[in-house]
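**Student:** Make a model of this:
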Amino acid sequence: MKAGRWGLYLLFFLLVFSLSFLVFFPFGPGTEAAWSRAVRAASEKGFFLDASSVSAEGRLLPGAVLLNVRLRSSLLSGEAGRVTVSLSPADMVTRLAPAAGLRLERVSVNLPLPGERPLFLAAAEARLVFSDGRVEVTDLRISGELDVSGSAVLSFRGGGLEEADLTIGGERAALMELFRSVLPLRQEKPGAWTLKRGRRSAHGGN
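**Tutor:** Okay, here's the model as predicted:
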């Protein structure tokens, strides 16, 4: 079971990093006050969360920009040079649920694998919709040492992957070989993988 968790953390390192921030960060009238609450909430759940700068952006649509963000837990740690989060009114209206757009730049993640150097990404972005203890991740795009695209659904309650339709490539895609036994990964050709689970696997995404 622990090996399975490690596999999920590796493949969804960015989602863990990003979703932890979003879960802990309650948008409110004061971005800095909201960030302070986020740091306390993260600490209560065993996460260390820090940023060198926190500011609000946009007059019509609330959003936040954070610089040099760090997230650390007992298993995984990482940092991003810039994190931008903005509410997504269109998704909130059509889905009748909280929704946000997320972009991370200059990301590095320390992998929980002996001998493996940190994983570096140029950028990652996605749209997220929160409902019924789950988060739906769509339009996911990750570029860097891993190239990932597709969609997924994660459960906050169980901490697991409920649905997925992802394609994975990049110069360090060989890392996926380590987790074939614990994740529904399939190698299409050298350096190209897919991860499919549940309804999204059957319907090819949204």
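**Student:** Restrict the longest helix along the chain to CA atoms and write it as CSV.
**Tutor:** The longest helix of the chain (DSSP state H) is helix 31-44. Only the C-alpha atoms of helix 31-44 are listed here, as CSV (Å, rounded to 0.1, in the frame of the first residue of the first chain):
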residue,chain,number,x,y,z
THR,A,31,-5.0,37.7,0.3
GLU,A,32,-2.3,37.9,2.9
ALA,A,33,-4.8,37.0,5.7
ALA,A,34,-6.0,34.1,3.6
TRP,A,35,-2.5,32.9,3.1
SER,A,36,-1.8,33.0,6.8
ARG,A,37,-4.8,30.8,7.4
ALA,A,38,-3.6,28.5,4.6
VAL,A,39,-0.2,28.1,6.3
ARG,A,40,-1.8,27.3,9.7
ALA,A,41,-4.2,24.8,8.0
ALA,A,42,-1.3,23.1,6.2
SER,A,43,0.7,22.8,9.4
GLU,A,44,-2.3,21.1,11.2
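**Student:** switch to numbering from 50
**Tutor:** In the new numbering, first residue 50, that becomes helix 80-93.
**Student:** Paired strands for the very next helix or strand once past that helix, with orientation please.
**Tutor:** Sequence-wise, the next helix or strand downstream of helix 80-93 (DSSP states H and E) is strand 97-99. Strand 97-99 pairs in its sheet with strand 112-121 (antiparallel), by DSSP bridges.
**Student:** Mean confidence (pLDDT) on the helix or strand following the strand it pairs with, please.
**Tutor:** Sequence order places strand 126-136 as the next helix or strand after strand 112-121, per DSSP H and E. For strand 126-136, the mean per-residue pLDDT is 87.
**Student:** So which bits of strand 126-136 are buried?
**Tutor:** For strand 126-136, the buried set under the neighbour-count rule, 16 or more other CB atoms under 10 Å, comprises 126, 127, 128, 129, 131, 132, 133, 134, 135, 136. Just so you know, the C-beta spots here come from the backbone N, C-alpha and C atoms, and that holds for glycine as well.
**Student:** Same question for stretch 199-209.
**Tutor:** Those would be 199, 200, 201, 202, 203, for stretch 199-209 by 16+ other CB under 10 Å.
**Student:** now could you export just the CA positions of it as PDB?
**Tutor:** The C-alpha trace of stretch 199-209 is given here as PDB (Å, rounded to 0.1, in the frame of the first residue of the first chain):
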ATOM      1  CA  GLY A 199      -5.100  15.100 -20.000                       C
ATOM      2  CA  SER A 200      -7.600  15.100 -17.100                       C
ATOM      3  CA  ALA A 201      -8.100  13.300 -13.800                       C
ATOM      4  CA  VAL A 202     -10.400  13.100 -10.700                       C
ATOM      5  CA  LEU A 203      -8.900  12.900  -7.300                       C
ATOM      6  CA  SER A 204     -10.600  12.100  -4.000                       C
ATOM      7  CA  PHE A 205      -9.900  14.200  -0.900                       C
ATOM      8  CA  ARG A 206     -11.500  11.600   1.400                       C
ATOM      9  CA  GLY A 207      -9.500   8.600   0.200                       C
ATOM     10  CA  GLY A 208      -6.600  10.500  -1.200                       C
ATOM     11  CA  GLY A 209      -6.700   8.300  -4.300                       C
END
